[in-house]
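Chemist: Below are the sequence and a predicted model for it; my questions follow.
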Amino acid sequence: MTHINIASLEVGQEIGSREFHLTRDSLVKYAGASGDFNPIHYRDDFAQAVGLPGVLAHGMLTMGVAVQVAVDWVGDAGKVVDYGVRFTKPVLVDAADGAIVTVTGKIGEINADAGEVRIDLTAVFADTTVLGKAQARVRL
């Protein structure tokens, strides 16, 4: 487990970045795990019939992969004490190429007295930010 010295941290400091490759297989696996079998997550014809450009990743899957940057940095998922996002844009998952979501984390706030740090996460797909106000609070 990584030991992080809170006194050495600065607001705005980048804590890491990671690319996540989502595929149609990823969506099927997530649907099975979550119980969300909405056809917009696996059928192009259905997604297009309801006005979408194609199959979309589950919002909660996008949210779940994004927090992994904070988990990797702090070294223990149990140290994430709060996490929230706003869903701003969908992630379109191409049948052949999938989708690449790039997530970067930066320190947004430091509360040394509480031993907590807020990590601001930026999740980007196809040059578009797909999560708004994505913030994880971690206890060091």
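Modeler: Structure's in. What do you need?

Chemist: biggest strand in the protein by residues?
Modeler: Longest strand in the chain, counting residues (DSSP state E): strand 99-111.

Chemist: Each with direction, which strands does it pair with?
Modeler: strand 14-22 (antiparallel), strand 116-125 (antiparallel) (DSSP bridges).

Chemist: what kind of secondary structure is the residue nearest to Met63 when sequence neighbours are not counted in?
Modeler: For Met63, ignoring the flanking residues on the chain, the nearest one in space by C-beta to C-beta, 6 or more residues apart in numbering is Val85 at 5.2 Å. Quick note: C-beta positions are derived from backbone N, CA and C, even for glycine. What DSSP: H, G, I helix; E, B strand; the rest coil gives for Val85 is strand.

Chemist: Quickly note the distance from Val85 to His3.
Modeler: Here the criterion is C-beta to C-beta, to the nearest Å. By it, Val85 lies 28 Å from His3.

Chemist: ok, the two, which is more surrounded?
Modeler: Val85 (20 against 6; other C-beta atoms under 10 Å).

Chemist: the helices in the chain, which residues?
Modeler: Taking DSSP state H as the test, the helices found in the chain are 24-34, 44-49, 59-74.

Chemist: Those into JSON lines, with extra columns for distance to Leu9 and mean pLDDT?
Modeler: Below are these laid out as JSON lines (distance: least, C-beta to C-beta, whole Å; pLDDT from 0 to 100):
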{"stretch": "helix 24-34", "distance to Leu9": "33", "mean pLDDT": "97"}
{"stretch": "helix 44-49", "distance to Leu9": "42", "mean pLDDT": "97"}
{"stretch": "helix 59-74", "distance to Leu9": "11", "mean pLDDT": "98"}
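
Chemist: could I get the ones you listed as CSV with mean neighbour count and distance to Asp94?
Modeler: Putting the helices of the chain into CSV (neighbours: other C-beta atoms under 10 Å; distance: least, C-beta to C-beta, whole Å) gives the following:
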stretch, mean neighbour count, distance to Asp94
helix 24-34, 15, 8
helix 44-49, 14, 10
helix 59-74, 20, 15
